[in-house]
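[1] next input, structure requested:
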Amino acid sequence: MRENPDAEHTEDFKRMTWKRFRRHKLAVAGLLLLIVLYLIAALAPYIATHDFAAVDPANRFQPPSGEHFFGTDRLGRDVFTRVVWGARISLSVGFVAAAVAVTLGTIIGAVSGYFGGTVDHVLQRLTELVMSFPTMFLLLTIIAVMDRSIFNIMLVVGVTSWPGLARLVRSEVLALKEQDFIEAARAAGATDVRILARHILPNIMAPVIVNVTLRIAAAILAESSLSFLGIGIQEPFPSWGSILNAGRNHLRNAPWITMFPGLCIFVTVLAFNYIGDGLRDALDPKLKT
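    Numbers count the residues shown, from 1 in each chain. Below is the predicted model:
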C-alpha cells in the first residue's frame with residue numbers, strides 16, 4: 001500500500017524541527033529545567049517537608065539549615081515548602097492564563113484578518129481599546145472589583161494579554177489568505193470555517209507556538225506582580241509573588257525569604273524565553289535545508 005505523502009512530509013518536518021531545536025543548547029536546558037519545575041509542582045505534597053500554612057513563632061527568621069532548607073519567614077513557616085507549593089500555583093496561573101490569551105488572540109486575529117471589512121474594523125478597534133490601557137492598571141482595576149480567587153487571577157491575566165497575539169495572527173492571515181491553495185479550497189466549495197480550521201490556522205501555528213512560551217512567562221510575571229502588591233493570591237495559599245511580598249520588609253535580617261522565590265521566578269521566565277528563542281529558530285522556514 002502506498003504511504004500518505006502528507007504524513008511523510010509532516011514526520012520529516014517534525015524530525016527537522018526537533019533536530020534544529022536540539023542545536024539550541026540554552027533552549028534544551030530551559031526545557032529540561034521546566035520539566036523539573038513542573039514535576040516539582042505536580043509532586044508538591046510529596047516533596048514539601050512541612051505544612052505550607054503551619055505557623056511556628058518559636059522558629060521565626062531561621063536561616064537555611066538541614067531542617068528548613070530555605071529558612072523560615074516572619075511567622076515561622078518553612079520557606080522551602082511554600083516555594084514548592086508556590087510553584088504549583090504560579091506555574092498553573094501562567095499556563096492557564098497563557099492558554100486563555102492565546103485562544104482569544106488566535107480566534108480574534110484569524111477572524112479579523114480573514115473576513116476583513118466591517119468585521120476587521122470592529123475587532124481591530126476592540127484590540128486597540130484593550131491595548132490603550134496600561135496593562136498593570138487594567139489588572140489592578142479588574143482585580144479590585146472581583147473575588148481574588150486563583151481562577152479569577154488566571155482569567156483576568158489571560159483576558160488582558162491577547163491583543164499582541166491578535167495583531168500577529170491577523171498579519172499572518174492577511175498574507176496567507178490570498179495564496180493559491182486557499183483560492184483552490186474556496187473553488188472546491190470549502191466553507192470559511194473549514195478554510196480557517198484546516199488550511200489557515202495550521203500554517204500560522206509556528207509564530208503562535210513561539211508566542212505561547214512568551215505569554216506563559218509574561219503571565220507568571222503578572223501574577224507575581226499582583227501577589228507582590230498584595231492583591232493576587234491570598235494567604236495562606238503561597239505563590240512566588242506572595243512569598244516575595246511577605247519578605248520584602250525583612251531584606252536585611254532575612255534575605256532568604258525573598259531570594260529563593262525571586263530566583264525561581266527569574267529562572268522560570270528565562271527558561272521560557274530561551275525555549276521561545278529555540279522554537280523560533282527551529283520553526284523558521286529560512287533555516288530549512
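[2] spatially central residue in the chain, please.
    Centroid-nearest residue in the chain: I216, 1.0 Å away (criterion: CA atoms, centre = their mean).
[3] name the nearest residue to that residue, sequence neighbours excluded.
    The shortest distance from I216 to any non-neighbouring residue, by CB to CB, 6 or more residues apart in numbering, is to A98 (4.2 Å). (Glycine included, C-beta is placed from N, CA and C.)
[4] state the helix or strand in which the one you found lies.
    Taking DSSP states H and E as the definition, A98 sits inside helix 79-115.
[5] what do you get for R74?
    Going by DSSP H and E, R74 is not part of any helix or strand.
[6] next, give phi and psi for it.
    Main-chain torsions, R74, degrees, to the nearest 10: phi -70, psi -20.
[7] what's the nearest residue to it if we skip its chain neighbours?
    Nearest residue to R74, sequence neighbours excluded (CB to CB, 6+ apart): R60, at 5.9 Å.
[8] distance of the one you found from G241?
    In this view, R60 and G241 are 22 Å apart by CB to CB, to the nearest Å.
[9] show me which of those two is the more surrounded one.
    G241 (28 against 15; other CB atoms under 10 Å).
[10] look at that one and give its secondary structure.
    Judged by DSSP: H, G, I helix; E, B strand; the rest coil, the three-state class of G241 is helix.
[11] so which bits of the helix holding A98 are buried?
    Judged by neighbour count using 16 or more other CB atoms under 10 Å, the buried positions of helix 79-115 are 79-102, 104-114.
[12] and for stretch 117-125?
    120, 123-124.
[13] pipe those residues into CSV and attach distance to V145 per row.
    Output for the buried residues of stretch 117-125, formatted as CSV (distance: CB to CB, whole Å):
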residue, distance to V145
D120, 32
L123, 26
Q124, 27
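[14] nearest to N152, of these?
    L123 (25.2 Å; CB to CB).
[15] residues contacting that closest one?
    108, 111-112, 166 (CB atoms under 8 Å, 6 or more residues apart in numbering).
[16] could you list the low-pLDDT ranges of the stretch 151-289 of the chain?
    Within the stretch 151-289 of the chain, the stretches with pLDDT under 70 are 284-289.
[17] can you map out the helices along it?
    163-176, 180-187, 192-194, 205-228, 240-247, 256-283 (DSSP state H, counting those that start in this stretch).
[18] using CSV, write out every CA atom in the fifth one.
    Once non-C-alpha atoms are left out, helix 240-247 reads as follows in CSV (Å, rounded to 0.1, in the frame of the first residue of the first chain):
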residue,chain,number,x,y,z
TRP,A,240,6.1,33.1,44.4
GLY,A,241,4.9,36.7,44.3
SER,A,242,3.1,36.5,47.7
ILE,A,243,6.3,35.0,49.3
LEU,A,244,8.2,37.9,47.9
ASN,A,245,5.6,40.3,49.3
ALA,A,246,5.9,38.6,52.8
GLY,A,247,9.7,39.0,52.8
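[19] show me which positions of that helix end up buried.
    Those would be 240-247, for helix 240-247 by 16+ other CB under 10 Å.
[20] returning to that earlier point: kindly reformat the contacts of L123 as CSV and extend each row with distance to V173.
    What follows is the contacts of L123, written out as CSV (distance: CB to CB, whole Å):
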residue, distance to V173
I108, 11
V111, 9
S112, 8
A166, 10
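[21] closest one of those residues to T17?
    Closest to T17, out of all of these and judged by CB to CB, is A166, at 25.1 Å.
[22] the closest one touches G109, doesn't it?
    Yes - counting by CB atoms under 8 Å, A166 does reach G109; the two are 3.9 Å apart.
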